[in-house]
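> need coordinates for the following:
(4 chains)
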Protein chains: 2
Amino acid sequence: MIQTLTALGEPNRLRIVELLRAGPCPVGEIGDRLQLRQPQVSKHLRVLKKAGLVQMQPRAQQRLYELRAEPLRELDTWLEPYRRYWNARLDALERHLEIMDTPVHKRRRRPPT
Amino acid sequence: MIQTLTALGEPNRLRIVELLRAGPCPVGEIGDRLQLRQPQVSKHLRVLKKAGLVQMQPRAQQRLYELRAEPLRELDTWLEPYRRYWNARLDALERHLEIMDTPVHKRRRRPPT
DNA sequence: CGGACATATTCTTCAAGTAGCATATAGGGC
DNA sequence: GCCCTATATGCTACTTGAAGAATATGTCCG
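Sure, this is the predicted structure:
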């Protein structure tokens, strides 16, 4: 998880990932599209690969880099409890709004957070 | 987005965020629970706050820090196109795995964060 | 094999960020 | 006002990580 987040937390790497969303791409083309020099692209790709965010398959002299879903899926899964969290808070807000319309004798205390 | 990712991409900050999932918490208690010295907790909280991931409300001499949903929701939204991506590519991936004849036990998930 | 092309790696700065320690700020109780 | 508690900030040392330039590896083609 940490590895995924640190890998994505670098602007150029995030751009690479977003570019690869369109499909597999060789190193050179990534550099062209993102205005990055080839060695930097390779280095960023190495980090992304180490994080499992991309995989590579050689094609002739080129290396086609391709997104891997798994870490992003993990990220999605990691977010799950937070979805609960903010939904819970939304409920709390709604409850609060209701309470403001509820006579005092019908009010209940909020559950412990 | 970048700010969110870099903020979460630091182990102790991620731990803080995960701790705050349980609800608002004063600085000292965060330090106690996570075995961090108070100044570090404050500094990490500053980063998280700058990223909008937490908000603070003073209570007596304490400062209660609380999660803010918005950046996480943004992250969730950011993931949306990738959900599409991996669903679209799922079939291809499975086909690929079959072709490679990769045993399932080699594709175990990594342990959670 | 030699040359051209695509990519990876090494090395050297250089900036950013983290921990540790000391200290400053601020609120509450006396 | 003084002291105690809770938190924030400043400074320094150290580590990490990114960019740049040069070079190495590796593949294809003649």
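> quick one: the helices in chain A?
For chain A, the helices defined by DSSP state H cover A:2-8, A:11-20, A:27-34, A:38-50, A:70-101.
> which of those sits most buried?
Highest mean neighbour count among the helices of chain A (mean count of other CB atoms under 10 Å in any protein chain shown): helix A:2-8, with a mean of 21. C-beta: built from backbone N, CA, C; applies to glycine.
> low pLDDT regions in chain A?
Counting by pLDDT under 70, the low-confidence segments of chain A come to A:89-113.
> one more time with 50, if that's ok
A:109, A:112-113 (pLDDT under 50).
> get me the contact residues on it for chain B.
A:1-2, A:5-6, A:8-11, A:14, A:21, A:52, A:67, A:69-70, A:72-76, A:78-79, A:81-83, A:85-86, A:89, A:112-113 (CB under 8 Å from any CB of the partner chain).
> switch to 7 Å and redo it
A:1-2, A:5-6, A:8-9, A:11, A:14, A:21, A:67, A:69, A:72-73, A:75-76, A:78-79, A:81-82, A:85-86, A:89, A:113 (CB under 7 Å from any CB of the partner chain).
> before we move on, back to that, just so I know, which of the helices of chain A lies nearest A:Ala60?
helix A:27-34 (12.1 Å; CB to CB).
> for the helices of chain A, which one sits closest to B:Gln40?
helix A:2-8 (16.9 Å).
> so is that closest one next to DNA strand D?
Yes: looking at helix A:2-8 against DNA strand D by CB under 7 Å from any atom of the strand, the contacts come from A:Thr6.
> then stretch A:43-53?
Yes: counting by CB under 7 Å from any atom of the strand, DNA strand D is contacted by stretch A:43-53 at A:43-44, A:47.
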